[in-house]
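Student: below: sequence and its predicted model.
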Amino acid sequence: MGAMVPSVLIVDDEKHTREGLQQALAENYDVTVAANADEAFNLLDAQPFDVVLTDLRMPGKSGLKIIDKALALAQRPAVLMMTAYGNIDTAVEAMKRGAVDFLTKPVNIERLEVLIQRALKTKTLEVEVKQLHERLDEKFSLDGIIGTSLQLKAVIDKMKLVAPSRATILIEGESGTGKELIAQAIHQASPRARAPFVAVHCAALSENLLESELFGHERGSFTGATERRIGRFESADGGTIFLDEIGEISASTQVKLLRFLETKAVERVGGSKPIELDVRLVAATNRNLEQLVREGKFRDDLFFRLNVVRLAMPPLRDRPEDIPLLLAHFIQIFSAENGVPPLTVETGAVQTLQAYPWPGNIRELRNFCENAVVLRRGGSFTEYDLEPKFRGHHLGGNQVSDLGHKTVSPAANQFSVEENEKRLLREALIKARGNRTKAAELMGVSRRTLHRKIAQWPELDVTDK
């Protein structure tokens, strides 16, 4: 696509026509002409054009072949068809091939200018939509999910198997574990990726509002329904609907949802005509649906319909080895948003954050990173910059990563002996609030030994002497 002046290729076997059109458009466009399809093919292979204006009937290959050629290119131009033999069948065939509009000869220049501008706008919109989809593919791709833990890899492996299918999926996990991100990634990895992804947070709406929101309503179906409304299921036709916190929906909504899963059709509130839809359902819950079924609060038949494929999102506390990667990811994002250099998180701070249980999961970690970037006091962040709530926690097993020299990056799952000793010393100093005598007692070593260790690792020397 031309950076400044839009480029137009005119293809017509009649010399006076193509030269006349070239002269008429030359003031506003970079115009190139071709006398036949073969010349046009060579030009299309040699350079990109924004618009192709081609005659239909020419010796050799017809203008329909030029449409096929132009729209097979990586940088697709908008195509306009012109002919002296204009009829409905020709116009329909040209439009089926991908032409954006149709003109008859002799060409009205004013109308041609309008159609070229309209074609350019259409082409710009197509490029923007393509770029949006590319960004969505990148943001919500399975490969873009952050983490290397075995628990997360197990979820991703299962997602790769089920994403191309039509199966209903139930995602379980605590709040903040990324259930909606997983649902979006499934959608982007499915054949429905170019169709709508519609998310509904069920707990945020009352029973009456939720039914209308999901299934739509007819005019006059209830007080305030002054016009027909299309529901979220209809809006998601061809794509995916994501129902978050599905354990919160009422008994009547459960019945309607079960009906959809059985018939693939919905009825608007106040309506009686089933509307058939092609919608994939992905549901999520932070509650135990099986327990709700036992308590009589959730229909067992609906649970079985939802539970075709179950994905269990692990809480962040069960995958501490992913925390360095997530820290680096979010700090990079918020540093870029705020126009500041990326914050370096020191090894001790990362290790302390790995031990913290993160009750708010990834959502809490994300908020922590934004806070750290915004309230930064320098270029690095140490364990002594952490709020008290983050301290005093311990990991079970060998789950802490050795981050090396002041960088946030994935590393080994085990400490060296030296690193383990440094960690114990650091925790003792923090718990003793810098009192060396008390720290030595907590470690079960002499004060002299403690002094020697601090002299060996001066970066830990934040104590009172």
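Tutor: Looks like it arrived, so ask away.
Student: could you use CA atoms for every contact and neighbour count after this?
Tutor: Noted.
Student: I'd say Met313 and Thr177 touch.
Tutor: Yes - using Cα atoms under 8 Å, Met313 makes contact with Thr177 at a distance of 6.4 Å.
Student: now do stretch 194-207: distance to the chain's middle.
Tutor: Relative to its chain's centre, stretch 194-207 lies at 16 Å (Cα atoms, centre = their mean, to the nearest Å).
Student: can you give the contact residues for it?
Tutor: With Cα atoms under 8 Å, 6 or more residues apart in numbering as the contact definition, stretch 194-207 has outside contacts at 133, 184, 187-188, 210, 232, 235-246, 248-250, 253.
Student: all strands of the stretch 201-350 of the chain, in order?
Tutor: For the stretch 201-350 of the chain, applying DSSP state E, counting those that start in this stretch gives strands covering 240-244, 265-266, 275-276, 280-285, 309-312, 344-345.
Student: send the alpha carbons of the fourth one over as PDB?
Tutor: It refers to strand 280-285. Only the C-alpha atoms of strand 280-285 are listed here, as PDB (Å, rounded to 0.1, in the frame of the first residue of the first chain):
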ATOM      1  CA  ARG A 280     -19.500 -23.100  21.500                       C
ATOM      2  CA  LEU A 281     -19.900 -22.800  25.200                       C
ATOM      3  CA  VAL A 282     -17.000 -22.400  27.600                       C
ATOM      4  CA  ALA A 283     -18.000 -22.100  31.200                       C
ATOM      5  CA  ALA A 284     -15.900 -21.300  34.300                       C
ATOM      6  CA  THR A 285     -16.400 -21.500  38.000                       C
END
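Student: and it, what does it pack onto?
Tutor: Counting contacts by 3 or more Cα pairs under 8 Å, 6 or more residues apart in numbering; DSSP states H and E, strand 280-285 packs against strand 169-172, helix 179-188, strand 240-244.
Student: just want the angle from it to helix 179-188.
Tutor: 160 degrees (axes from the mean of the first three to the mean of the last three Cα atoms, to 10 degrees).
Student: pairing partners for strand 280-285, with directions?
Tutor: Taking DSSP bridges as the criterion, strand 280-285 sits next to strand 169-172 (parallel), strand 240-244 (parallel) in its sheet.
Student: can you say which of the contacts of stretch 194-207 are buried?
Tutor: By neighbour count, with 16 or more other Cα atoms under 10 Å, the contacts of stretch 194-207 hold 184, 187-188, 210, 232, 235-246, 248-250, 253 as buried.
Student: how about low-confidence regions in the stretch 1-150 of the chain?
Tutor: Scanning the stretch 1-150 of the chain with the threshold set as pLDDT under 70 gives 1-4, 85-88, 91, 125-144.
Student: got the residue ranges for the strands in it?
Tutor: So, for the stretch 1-150 of the chain - with DSSP E, counting those that start in this stretch - the strands run 7-11, 30-34, 51-55, 78-83, 101-104.
Student: check the offset of the first one from the chain's centre.
Tutor: Taking Cα atoms, centre = their mean, the mean C-alpha location of strand 7-11 is offset from the chain mean by 38 Å.
Student: residues in contact with that strand?
Tutor: So strand 7-11 is in contact with 1, 18, 21-22, 29-37, 40, 49-55, going by Cα under 8 Å, 6+ apart.
Student: kindly write the PyMOL command that selects the buried subset of those residues.
Tutor: A single PyMOL command selects the buried members of these (16+ other Cα under 10 Å):
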select buried, resi 1+18+21+22+29+30+31+32+33+34+35+36+37+40+49+50+51+52+53+54+55
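Student: wait, Val373 sits on Gln332?
Tutor: No - using Cα under 8 Å, Val373 is not in contact with Gln332; the gap is 9.3 Å.
Student: what is in contact with the two at once?
Tutor: Common neighbours of Val373 and Gln332 (Cα under 8 Å, 6+ apart) are Leu343.
Student: higher neighbour count, those two?
Tutor: Val373 (27 against 18; other Cα atoms under 10 Å).
Student: re earlier: of all the strands paired with strand 280-285, which one is nearest Asn108?
Tutor: Evaluated over the strands paired with strand 280-285, closeness to Asn108 peaks at strand 240-244, with 45.5 Å, by Cα to Cα.
Student: how near is Tyr356 to Phe390?
Tutor: As for Tyr356, its distance to Phe390 is 6 Å (criterion: Cα to Cα, to the nearest Å).
Student: oops, could you answer that again for Gly176 instead?
Tutor: According to Cα to Cα, Gly176 and Phe390 sit 18 Å apart.
Student: quick one, which of the two is more surrounded?
Tutor: Neighbours were counted for Gly176 and for Phe390 using other Cα under 10 Å; Gly176 has more, 20 against 16.
Student: can you tell me which residues contact the more buried one?
Tutor: The neighbours of Gly176, taking Cα under 8 Å, 6+ apart as the test, are 360-364.
Student: buried ones among those residues?
Tutor: Here, 16+ other Cα under 10 Å leaves 360-362 buried among the contacts of Gly176.
Student: now those residues as JSON lines including secondary structure?
Tutor: JSON lines is the format used below for the buried ones among the contacts of Gly176 (DSSP: H, G, I helix; E, B strand; the rest coil):
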{"residue": "Gly360", "secondary structure": "coil"}
{"residue": "Asn361", "secondary structure": "helix"}
{"residue": "Ile362", "secondary structure": "helix"}
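Student: could you dump the residues you listed into CSV and include pLDDT?
Tutor: Output for the buried ones among the contacts of Gly176, formatted as CSV (pLDDT from 0 to 100):
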residue, pLDDT
Gly360, 95
Asn361, 95
Ile362, 92
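Student: out of the residues you listed, which is nearest to Ala72?
Tutor: Nearest to Ala72 among the buried ones among the contacts of Gly176, with distances taken as Cα to Cα, is Ile362, at 43.2 Å.
Student: so who does the closest one touch?
Tutor: 176-178, 316.
Student: swap in Ile275?
Tutor: By Cα under 8 Å, 6+ apart, the contact set of Ile275 is 265-267.
Student: most surrounded residue in the residues you listed?
Tutor: Of all the contacts of Ile275, Val266 has the most neighbours under the rule other Cα under 10 Å, reaching 24 neighbours.
Student: which residues sit in contact with it?
Tutor: 215, 233, 256, 259-260, 274-277.
Student: show me how to select, in PyMOL, the buried members of these.
Tutor: Buried residues within these, by 16+ other Cα under 10 Å, are selected in PyMOL with:
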select buried, resi 215+233+256+260+277
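Student: do a quick rundown of the helices in the stretch 251-400 of the chain.
Tutor: For the stretch 251-400 of the chain, the helices defined by DSSP state H, counting those that start in this stretch occupy 251-263, 289-294, 300-306, 323-338, 347-355, 361-374.
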